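**Student:** From the sequence below, what's the structure:
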Amino acid sequence: MDKILRIDMGAEGGPKAAAEPVGAYAGLGGRSLTSTIVSKEVPPTCHPLSAANKLVIAPGLLSGSAAAMSGRISVGCKSPLTGGIKEANSGGQPSQVLARLGYAGIVFEGKPLEDNLYKIFINKDGVKISVDNSLRMLGNYAVVERMKAEFGEKIACISIGPAGEMKLAASSIAFTDMELRPTRHAGRGGVGAVMGSKGVKVIVLDDSGMKFREPKDKEKFNEANKRFTEGLRQHGVTGQALPAYGTNVLTNILNEAGAYPTYNFKEGRFAGAARISGETTAALETERGGLATHGCHRGCVIRCSGTYVDKDGHYLTKQPEYETVWAHGGHCGIDDLDKIAMMDFLDDDTGLDTIEIGVTIGVAMDAGLLKFGDADGAISLVKEIGKGTPLGRILGSGAAITGKIYGVERVPVVKGQAMPAYDPRAVKGLGVTYATSPMGADHTAGYATATNILKVGGYVDPLKAEGQIELSRNLQVATAAIDSTGMCLFIAFAVLDQPETFQALLDMLNAFYGLSLSADDVTELGKKVLKMEKEFNRKAGMTEEQDRLPDYFKSQPVTPHNVVFDVSDEELDKVINW
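**Tutor:** Numbers count the residues shown, from 1 in each chain. Model prediction:
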């Protein structure tokens, strides 16, 4: 990955592509590359949908190699949802393919001078940019089918649905999986709207004729990769729970812990949780002829995804993730897996963040637009977004906007971004992450659930304020570094518990690049990324006052523990200002 592809969508005479050496960005990948480019090249006060914003798509440092779990990709820009810097992360095949084509990243600049929609084809011979207005307002599934018909099936696609074209703040960017289905999404922060503002409908990648990226020391790399893989397979979470039940294995666990936000964060337990749990989902998928275990990209050894089929055995969607099942399920009082899976499909096809939309529907239910538990009504609301009706555009703008318009007090957002599937009063380490991450409320930014609930990497009592600042800080730093490697964040379970697995990861990086990185070097990389992101937000107008949870989390206890979020503001201000 020795070059960066810059595509000026606003060039005279039409969009122009030019590859350039990585230059000053050498040694960066994934989130470290996206956040560095955005920080250095995007004016912090610009409008997110203006020509001044840039959209950066970057594979990780180990993507395109034989390293297990290295297929994550980062998308960076100024967020239309939060108004700050954004890195949204996705699985799927494109990261591996883009890296094997030799690109450390794609940077989209400017915006079209005319109202055209573009498709972009990239292979070993170069880049072809074409106007294709026939794709206008097509869903992601239809777009991929068109690309398969035109370019064959040995491709990977990055696309937006109607939500991205409408530049809605809850829109996502879709990445195809191994079966060329647009099921993996960079969901958070409205990155799809930025891609839509650039006039880009789909990017088609073809790495035919390209080989795996080769390490500098192949023998040491292969040996480290073997140890790393063995560590993942031996750990109870990455080797047993996730492959068997997917991420939705967390439903019963979080519900039992009293940290499962129900009825728009009113309660901590949902009576219907068992009916939508990972165990129930896996059994249903197997019974109907779907798959309970599946990888989203080549090289995945955890295989936490699956294939969800309907009652007649026909494909409906990928196995809905835990956060998706919660957002459209318990959060809205819905316990029908088929209805939740339908919403997952509609979100993927329309190009929507499942967390943001599920939370938004819960807020709308709290406003009286629907009753909690109305699954068919919830499905109709998702369809409204795809149609672009006035109501659909309100909902597609996210929970914060919807809450304002309908006069709802209980709107679970930080920096305008909806909270995921963990109540911050009952998992206080994650509450700290929600409040202080530069990304807005984001569980993946510092996944304290691992230590608060699952007791991975030690244990910090989730109901007490003590120890949560250090826990969240350490996890945010580690996550920023992992997001730079292209590694799936789920490797953290094994890395936190098994020093030898962490060492194997370091050994892989060192053997691949001919380096001598230590654990301290990885920590410094994570800190550098976080400080850079926080500085961008400061220049964009954010202060410590935005590093807070909504007040009602501090005053309204959540059942069954009847606790509030009681980490002080003074402590929150120390998380990234170490």
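**Student:** all helices of the stretch 201-350 of the chain, in order?
**Tutor:** Secondary structure of the stretch 201-350 of the chain (DSSP state H, counting those that start in this stretch): helices located at 218-234, 236, 242-245, 250-256, 278-288, 322-328, 337-350.
**Student:** What mean pLDDT does the fourth one get?
**Tutor:** What it means is helix 250-256. Helix 250-256 shows a mean pLDDT of 97.
**Student:** send the alpha carbons of it over as CSV?
**Tutor:** Extracted C-alpha coordinates of helix 250-256, given in CSV (Å, rounded to 0.1, in the frame of the first residue of the first chain):
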residue,chain,number,x,y,z
LEU,A,250,-25.0,-10.5,24.5
THR,A,251,-28.7,-10.1,24.7
ASN,A,252,-29.3,-12.5,27.5
ILE,A,253,-26.1,-11.4,29.2
LEU,A,254,-26.9,-7.7,29.2
ASN,A,255,-30.5,-8.3,30.1
GLU,A,256,-29.5,-10.4,33.1
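**Student:** List of residues touching that helix?
**Tutor:** The contact list for helix 250-256 (CB atoms under 8 Å, 6 or more residues apart in numbering) reads 260, 269-270, 273-274, 276-279, 322, 325-326, 330, 421-422, 449, 453-454. Backbone N, C-alpha and C define where each C-beta goes, glycine included.
**Student:** Point out the most buried one among the helices of the stretch 201-350 of the chain.
**Tutor:** Greatest average neighbour count among the helices of the stretch 201-350 of the chain goes to helix 322-328 (a mean of 29), per mean count of other CB atoms under 10 Å.
**Student:** now what about that one, what contacts it?
**Tutor:** By CB under 8 Å, 6+ apart, helix 322-328 touches 246-251, 260-261, 276, 278, 281, 320, 334, 337, 339-340, 343-344, 347, 354-355, 357-359, 361-362, 378, 420-421, 443.
**Student:** quick one, what contacts residue 467?
**Tutor:** 429, 460-461.
**Student:** ok, of the residues you listed, which come out buried?
**Tutor:** 429, 460 (16 or more other CB atoms under 10 Å).
**Student:** Which of the contacts of residue 467 fall in helices?
**Tutor:** Mapping the contacts of residue 467 onto helices (DSSP state H) picks out residue 429.
**Student:** Closest to residue 371 out of the contacts of residue 467?
**Tutor:** residue 429 (33.6 Å; CB to CB).
**Student:** How many neighbouring residues does the closest residue to that closest one other than its chain neighbours have?
**Tutor:** Nearest residue to residue 429, sequence neighbours excluded (CB to CB, 6 or more residues apart in numbering): residue 448, at 2.8 Å. Using other CB atoms under 10 Å, residue 448 has 29 neighbouring residues.
**Student:** Verify the contact between residue 448 and residue 471 for me.
**Tutor:** Yes - using CB atoms under 8 Å, residue 448 is in contact with residue 471, at 5.4 Å.
**Student:** Show me the common contact partners of these two, please.
**Tutor:** Joint contacts of residue 448 and residue 471 (CB under 8 Å, 6+ apart) are 429, 432, 460.
**Student:** Leaving aside the residues adjacent along the chain, what's closest to the last one?
**Tutor:** Spatial nearest neighbour of residue 460, excluding adjacent residues (CB to CB, 6+ apart): residue 467 at 4.3 Å.
**Student:** Check the gap between that neighbour and residue 474 for me.
**Tutor:** Distance, residue 467 to residue 474, by CB to CB, to the nearest Å: 11 Å.
**Student:** Just list the residues touching residue 298, thanks.
**Tutor:** Contacts of residue 298 (CB under 8 Å, 6+ apart): 71, 93, 96, 178.
**Student:** got it, and residue 178?
**Tutor:** 93, 295-298.
**Student:** looking at those, which has the most residues close by?
**Tutor:** For the contacts of residue 178, neighbours tallied by other CB under 10 Å; top is residue 297, 27 neighbours.
**Student:** Surely that one and residue 91 touch.
**Tutor:** Yes - using CB under 8 Å, residue 297 is in contact with residue 91, at 5.6 Å.
**Student:** Now the common contact residues for those two.
**Tutor:** With CB under 8 Å, 6+ apart, residue 297 and residue 91 have common neighbours 71, 177, 184.
**Student:** Quick one: these as JSON lines, columns for secondary structure too.
**Tutor:** Converted to JSON lines, the shared contacts of residue 297 and residue 91 look like this (DSSP: H, G, I helix; E, B strand; the rest coil):
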{"residue": "71", "secondary structure": "coil"}
{"residue": "177", "secondary structure": "coil"}
{"residue": "184", "secondary structure": "strand"}
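**Student:** three-state assignment of the most centrally placed residue in the chain?
**Tutor:** By CA atoms, centre = their mean, the chain has its centre lying nearest to residue 89, at 4.0 Å. Secondary structure, three-state DSSP: residue 89 is strand.
**Student:** Dig out what it forms beta bridges with.
**Tutor:** Per DSSP bridges, the residues bridged to residue 89 are residue 74.
**Student:** ok now do residue 257, which residues does it touch?
**Tutor:** 426-427, 453, 462.
**Student:** out of those residues, who's nearest residue 109?
**Tutor:** residue 427 (39.8 Å).
**Student:** The closest one against residue 259, yeah?
**Tutor:** Yes - counting by CB under 8 Å, residue 427 does reach residue 259; the two are 4.8 Å apart.
**Student:** all strands of the stretch 1-150 of the chain, in order?
**Tutor:** 3-8, 16-21, 55-59, 73-78, 85-90, 103-109, 118-123, 126-131 (DSSP state E, counting those that start in this stretch).
**Student:** Give me the pLDDT value at residue 298.
**Tutor:** pLDDT at residue 298 comes out at 81.
**Student:** Next one: it from residue 63, what distance?
**Tutor:** From residue 298 to residue 63 the distance is 11 Å (CB to CB).
**Student:** Equivalent analysis for residue 529, please.
**Tutor:** Per CB to CB, residue 529 is found 17 Å from residue 63.
**Student:** tell me the domain ranges of this protein?
**Tutor:** 3-205, 248-422 (automatic domain parsing).
**Student:** For the protein, give me the ranges with low pLDDT.
**Tutor:** Along the chain, the model assigns pLDDT under 70 to no residue.
**Student:** Remind me what the top helix by length along the chain packs against, helices and strands.
**Tutor:** Longest helix in the chain, counting residues (DSSP H): helix 519-539. Helix 519-539 sits against helix 30-41, strand 85-90, helix 468-485, helix 499-513, with contacts defined as 3 or more CB pairs under 8 Å, 6 or more residues apart in numbering; DSSP states H and E.
**Student:** mind checking how far the third one is from the chain centre?
**Tutor:** Taking CA atoms, centre = their mean, to the nearest Å, the mean C-alpha location of helix 468-485 is offset from the chain mean by 16 Å.
**Student:** Now do the helices in the stretch 351-500 of the chain.
**Tutor:** 354-366, 375-387, 390-395, 399-406, 428-436, 449-452, 468-485, 491-497, 499-513.
**Student:** So what's the residue count around residue 150?
**Tutor:** For residue 150, using other CB under 10 Å, the count is 12.
**Student:** circling back: and which of the shared contacts of residue 448 and residue 471 is nearest to residue 120?
**Tutor:** Nearest to residue 120 among those, with distances taken as CB to CB, is residue 432, at 40.0 Å.
**Student:** surely that closest one meets residue 573?
**Tutor:** No - judged on CB under 8 Å, residue 432 makes no contact with residue 573 at a distance of 11.2 Å.
**Student:** Compare the two (neighbour count), which wins?
**Tutor:** It is residue 432, of residue 432 and residue 573, that has more neighbours when counted by other CB under 10 Å, with 29 against 15.
**Student:** Could you pull up the residues touching the more buried one?
**Tutor:** Contacts of residue 432 (CB under 8 Å, 6+ apart): 446, 448, 468-469, 471-472, 567, 572, 575.
**Student:** That one and residue 565, how far apart?
**Tutor:** 9 Å.
**Student:** cool, and residue 293?
**Tutor:** 36 Å.
**Student:** neighbour-wise, which of those two wins?
**Tutor:** residue 565 (27 against 19).
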